[in-house]
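**Student:** Could you look at this predicted model? Sequence included:
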Amino acid sequence: MSGTTRPSGRRIWDRCEALARCSEEAGALTRVFLSKEQRAANELVLEWMREAGMSARQDAIGNVVGRYEGSAAGAPCLMLGSHLDTVRNAGKYDGMLGVVAAIDCVHVLHERGARLPFAIEVVGFADEEGVRFGATLLGSRAIAGTFDPKLLDSRDGAGTSMRDALTAFGLDPDNVAQAARRRSDVLAYAELHIEQGPVLEAEGLPIGVVTAINGATRLAVEIEGLAGHAGTVPMSLRRDALAAAAQCVLAIESRCAREPDLVGTVGRIEAAPGATNVIPGHARFTIDIRAPRDEQRRQAAADIQAAITAICARRNVKVAVHRTHEGRTAACAPWLQDQIGRAIEAEGFPARRLPSGAGHDGMAIVDLADIGMLFVRCEGGISHNPLEAITVEDAELSARVFLRFIEHFQPAA
Ligand code: GLV
Ligand code: MN
Ligand code: MN
């Protein structure tokens, strides 16, 4: 099947710029789950999907879903997508590139009047990053049918429950299960994403095939000491929650530095009451632990919890550790790796295979269908940072490869 039209790097670029303007902060990009900025982004994406010849809707958890029928209406689909939420002060491509590139591929098929033997669905997932409620992959878990309804009672930093946030967004919290899809409806899931690391750039390669997504554990820690006067309480009699948290942070760093491929991050820490002349009576922080092997990650998480318990006991402060996320390593299916690899080679590049240190929606979708991923290089490997950068040429090339993969897609036998 050939045609004169091709994916447009410029259109993809312009759409990433348009999405970047849907932000809660002027001059920076932050867009969290169930926010008015998410609504604005969803509206743009729904419009682009329709323009690309898809029927498009928002599902029961706020994902946007576009469908391009195959040669026979109602056929099972090849699902494509990525996420539309961002971290705080994010780059413009993490997530969004995969959504707009997938729409561009369908746009081209539509312009050519081409129908494939299967349907294509493009999903813009509502929450992958987990910024608002701590738990991640909420959109993709809902689609995979693994969304845990207990999460509806979790609260954001302002005390709003997920249940209330869904209602305020115009969704019914009791209907989230309706977003779930059947295995028989989905032939496979494929995602295009920036690498978020430096490997492809260092090797002078624009694209690569992902072999697996590293597993992740997230913990939330609360420490309760005793607030007191910063001038009167001798050092030996203090129960300083922040000092205890600081010692925990260093223990996490040193445990994770002991093994190659294991990483641990405390990305957020808060102390209360938060005054210069008051000993902090309360501290809380988050922990993110990742490794390519599940056993390695679980052992590190157990050791870290034991170290936190010991530190807090020695300092006579109370501690509670909650697990907010547990995602096992998700392998990309070898048959999809091969098909993505062949599409890369057909464009004249070697099919470099590499694992993903970052998490992706495929970690949840793997419970529904086999997954595959195509990585695009990003400048300096920088991500989760406004300095995230790609080129128009790489955006176009990666979409061309993705379209070739889609056109030649053969479902597993
Ligand atoms: C998502 O980007 C993650 O890896 O945390
Ligand atoms: Mn991210
Ligand atoms: Mn991402």
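**Tutor:** Thanks, I have the structure now. This structure is a prediction, so every number in the text was calculated from the model and none was measured. Ligands and ions are numbered 1, 2, ... in the order given.
**Student:** okay, stretch 330-343 in PDB with CA atoms only?
**Tutor:** Presented in PDB, the C-alpha positions along stretch 330-343 are these (Å, rounded to 0.1, in the frame of the first residue of the first chain):
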ATOM      1  CA  ALA A 330       7.100  -5.600  31.600                       C
ATOM      2  CA  ALA A 331       8.700  -7.400  28.700                       C
ATOM      3  CA  CYS A 332       8.000  -6.200  25.200                       C
ATOM      4  CA  ALA A 333       6.800  -9.200  23.100                       C
ATOM      5  CA  PRO A 334       9.600 -10.600  20.900                       C
ATOM      6  CA  TRP A 335       7.300 -10.800  17.900                       C
ATOM      7  CA  LEU A 336       6.500  -7.100  18.200                       C
ATOM      8  CA  GLN A 337      10.100  -6.200  18.800                       C
ATOM      9  CA  ASP A 338      10.900  -8.000  15.500                       C
ATOM     10  CA  GLN A 339       8.100  -6.200  13.600                       C
ATOM     11  CA  ILE A 340       9.200  -2.800  14.900                       C
ATOM     12  CA  GLY A 341      12.900  -3.700  14.200                       C
ATOM     13  CA  ARG A 342      12.000  -4.600  10.600                       C
ATOM     14  CA  ALA A 343      10.300  -1.200  10.100                       C
END
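**Student:** Report the rounded mean pLDDT for that stretch.
**Tutor:** Averaging pLDDT along stretch 330-343 yields 97.
**Student:** Please apply the same query to stretch 150-162.
**Tutor:** 96.
**Student:** Same check on stretch 39-57?
**Tutor:** Across stretch 39-57, pLDDT averages out at 98.
**Student:** now swap in stretch 251-258 and tell me
**Tutor:** Averaging pLDDT along stretch 251-258 yields 98.
**Student:** Kindly report the same for stretch 191-211.
**Tutor:** 97.
**Student:** for stretch 354-373, same thing?
**Tutor:** Here stretch 354-373 scores 96 as its mean pLDDT.
**Student:** Report the secondary structure element holding the spatially most central residue of the chain.
**Tutor:** The residue lying closest to the centre of the chain (C-alpha atoms, centre = their mean) is Glu128, at 3.6 Å. In the assignment (DSSP states H and E), Glu128 maps to no helix and no strand.
**Student:** Now do the SS call for Thr309.
**Tutor:** Following DSSP: H, G, I helix; E, B strand; the rest coil, we place Thr309 in the helix state.
**Student:** and it, what does it touch?
**Tutor:** Val319, Val321 (C-beta atoms under 8 Å, 6 or more residues apart in numbering). C-beta: built from backbone N, CA, C; applies to glycine.
**Student:** Same question for Ala272.
**Tutor:** Listed by C-beta under 8 Å, 6+ apart, the contact partners of Ala272 are Ala227, Pro280, Gly281, His282, Ala283.
**Student:** now it: how far from Val319?
**Tutor:** Distance, Ala272 to Val319, by C-beta to C-beta, to the nearest Å: 15 Å.
**Student:** for ligand 3, what are the nearby residues on the stretch 251-400 of the chain?
**Tutor:** Neighbours of ligand 3 within the stretch 251-400 of the chain, by C-beta under 5 Å from the ion: none found.
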